[in-house]
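Trainee: Turn this into a model:
(one chain, ligands or ions: 1)
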Amino acid sequence: MYIGLDQGTTSTRAILFDENFNMLHEARREFKQIYPKEGWVEHNPEEIWQTVVEVLEECKRVAESKGEKIKAIGITNQRETIVAWDEEEKRTLYNAIVWQCRRTAERSSELRKDFGKVIKDKTGLVVDPYFSATKIEWLLNNVEEVKRAATKGTLRFGTIDSYLAWKLTGQHVTDYSNASRTMLFNIHTLDWDNELLELFGVKREFLPKLVDTAQYIGDTKDGIPVSSLVGDQQSALFGQTAFEKGDVKCTLGTGSFILMNTGDQIINSQHNLLSTVGWKIGNEIVYALEGSVFITGTLVNYLIRNLGFAKDSAELTELALQVGNNGGIYFVPAFTGLGAPYWDPYARGLIIGLTPGTDKRHIIYAAFEGIAFSVGQLVALMEKESEIYIKTLKVDGGVSKNNLIMQILSNTVNTVVERPVNRETTALGAATLAAIAMGWVDKNKLKEIRKIDRIFTPKENREEEFNKWKQAVNRALNWES
Ligand SMILES: O=P(O)(O)OC[C@H](O)CO
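Mentor: Numbering: from 1, shown residues only. Predicted coordinates:
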């Protein structure tokens, strides 16, 4: 049996898989979101660690009750979030600064002006507080304990995979997919970049050693090998068996993350999509083109909780189906700014086209379209930039359960949308990578065991509505400044 440990932004989950990667059990714990100031987001790393201990214990108990043992653990994680700890004193020095945290927004704008191009060339990333480098810089400049540990030579930084690997095995390591989200890692040389280290005042010894995405790292204290570290979106790409160049997956969770496997080719996006490492396994390096939409599931919850339009997502869908069109309404879900291709932190949500005939069902339909159009826009850009025709869009995540949104998505991208039976592709990716590292499974076997739940094929042309929605986006930009 294998465990895919998925340390996400709002919860920690461990999923127990059997030898054929069927899901046997899910253990889940939520933890506190800490908002010390407007726009700041932190997690308590010790609390995260406690949730990890609990979910692993729970899965172990289930395995034992079946007379089985855990053969390996793969760790996948919320990316970019950074933890600082003291190697000697074996304790963390500050809360984890979460990927969503905007405390370094000003510094990022400054950097973007002077170093935007060089950083993008080296790292594949657009300068934004989202990534780890400015968070590390902030910790080095603002936290006394961090400064002291730096002087002592015992300071260590790591993304969540790295922190958990250290807690579980004592090793200070990270994999290439996670490293590529720090903005300190050069995706061409596949190493920490000296010039960037200097720019952010980071010494190489503060950072983890780089390991392959599928590689044995060490044993936990009860003798279970930890043999994969992988960023959660890259893990989902792997879990969807998107092994070939041109394969694309979209995880529709709180937000949406769309990744295209671009093989060994780094695409220098002209539209601010990101280039990132998908995985490195031995000599195989796979890059990915990535676009993210910040608001997806959040919008569905917003319709339910904030606007009180329905009691759950099934009822929302029923209401949307009653009208079957947007009634001229366009919904731009830019609640917290917009990611690619705009990268506009000042954009805000917009509902436009209201008339006396509008009722809530049109707004729901328009919101569903807003989700599909946001994803569709990035899929279209990826196709253009990679010059690869996308045959199938593989979807997963909570919102992919919604058939209406998936059908609108298929119409929008004019492509087949394919949903697997196992939508837990993130944990699955990590578990399968862990098994690959130990030589117990190969990619072919994984392709064989992947089952498709449903395929959505394009039914109607949505180009007109899609274009109109893009006009609405232009009106939502730069609202807060
Ligand atoms: O924890 P999730 O699933 O919201 O994913 C967060 C992403 O890794 C951020 O880049």
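
Trainee: drop to CA atoms for contacts and neighbour counts, all remaining ones
Mentor: Noted.

Trainee: ok, now which ones touch the residue of the stretch 101-250 of the chain found nearest the ligand?
Mentor: As assessed by CA to the nearest ligand atom, the ligand sits closest to Asp232 within the stretch 101-250 of the chain, at 5.3 Å. If you count contacts by CA atoms under 8 Å, 6 or more residues apart in numbering, Asp232 has them with 6, 8, 76-79, 426.

Trainee: Where do the helices of the stretch 51-200 of the chain begin and end?
Mentor: With DSSP state H, counting those that start in this stretch as the criterion, the stretch 51-200 of the chain has helices at 105-123, 133-142, 144-152, 160-169, 176-179, 194-200.

Trainee: ditto for the stretch 201-350 of the chain
Mentor: 232-239, 297-301, 313-323.

Trainee: Pick the most deeply packed of those.
Mentor: Highest mean neighbour count of the helices of the stretch 201-350 of the chain: helix 232-239, a mean of 29 (counted as mean count of other CA atoms under 10 Å).

Trainee: Per-residue pLDDT of Tyr346, please?
Mentor: Looking at Tyr346, its pLDDT reads 85.

Trainee: pretty sure it is in contact with Arg475, am I right?
Mentor: No - the criterion here is CA atoms under 8 Å, and Tyr346 misses it with Arg475 at 11.8 Å.

Trainee: give the contact list for the closest residue to Leu5 other than its chain neighbours.
Mentor: Leaving aside its sequence neighbours, Leu5 sits nearest to Ala14 (CA to CA, 6 or more residues apart in numbering; 4.4 Å). Contact partners of Ala14, counting by CA under 8 Å, 6+ apart, are 3-6, 26-28, 52, 55-56, 59, 427.

Trainee: Distance to Thr276 and pLDDT for the residues you listed - can I get that in a markdown table?
Mentor: What follows is these, written out as a markdown table (distance: CA to CA, whole Å; pLDDT from 0 to 100):
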| residue | distance to Thr276 | pLDDT |
| --- | --- | --- |
| Ile3 | 25 | 97 |
| Gly4 | 22 | 97 |
| Leu5 | 22 | 98 |
| Asp6 | 20 | 97 |
| Glu26 | 29 | 96 |
| Ala27 | 30 | 97 |
| Arg28 | 29 | 96 |
| Val52 | 27 | 98 |
| Val55 | 30 | 98 |
| Leu56 | 29 | 97 |
| Cys59 | 32 | 97 |
| Ala427 | 20 | 95 |
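
Trainee: least reliable of the helices of the stretch 201-350 of the chain going by mean pLDDT?
Mentor: Across the helices of the stretch 201-350 of the chain, helix 297-301 has the smallest mean pLDDT, namely a mean of 92.

Trainee: How about residues contacting it?
Mentor: 252-255, 313, 333, 367, 398-399.

Trainee: Counting neighbours, what do you get for Lys451?
Mentor: Number of residues near Lys451 (other CA atoms under 10 Å) recorded here: 11.

Trainee: my guess is it meets Glu418, correct?
Mentor: No - using CA under 8 Å, Lys451 is not in contact with Glu418, being 10.4 Å away.

Trainee: For this protein, what lies in contact range of the ligand?
Mentor: Contact residues (CA under 6 Å from any ligand atom) of the chain with the ligand: 8-9, 78-79, 232-233.

Trainee: what's the most distant pair in those residues?
Mentor: Thr9 and Gln233 (12.4 Å; CA to CA).

Trainee: for Gln215, what are its contacts?
Mentor: By CA under 8 Å, 6+ apart, the residues touching Gln215 are 227-228, 281, 434, 437-438.

Trainee: ok, so of those, who is nearest Trp479?
Mentor: Ranked by distance to Trp479 (CA to CA), the contacts of Gln215 are led by Ser228 at 42.4 Å.

Trainee: Distance-wise, check Asn268 relative to Gly8.
Mentor: According to CA to CA, to the nearest Å, Asn268 and Gly8 sit 29 Å apart.

Trainee: Select the longest strand from the protein.
Mentor: Scanning the chain for the longest strand, with DSSP state E as the assignment, gives strand 284-293.

Trainee: I'd like the mean pLDDT over it, please.
Mentor: On average, the pLDDT along strand 284-293 is 95.

Trainee: The closest residue in space to Thr241 that isn't next to it in sequence: neighbour count?
Mentor: Spatially, and ignoring its direct neighbours in sequence, Thr241 is nearest to Lys447 (6.2 Å; CA to CA, 6+ apart). Lys447: 14 surrounding residues under other CA under 10 Å.

Trainee: now swap in Glu460 and tell me
Mentor: Neighbour count for Glu460, taken as other CA under 10 Å: 12.

Trainee: Report the separation between it and Tyr389.
Mentor: Distance of Glu460 to Tyr389, given as CA to CA: 19 Å.

Trainee: mind listing what Ile97 touches?
Mentor: Listed by CA under 8 Å, 6+ apart, the contact partners of Ile97 are 41-43, 81-83, 135.

Trainee: And Lys120, by the same measure?
Mentor: Taking CA under 8 Å, 6+ apart, we find Lys120 in contact with 126-127.

Trainee: quick one: it from Met382, how far?
Mentor: From Lys120 over to Met382 the distance is 17 Å, taken as CA to CA.
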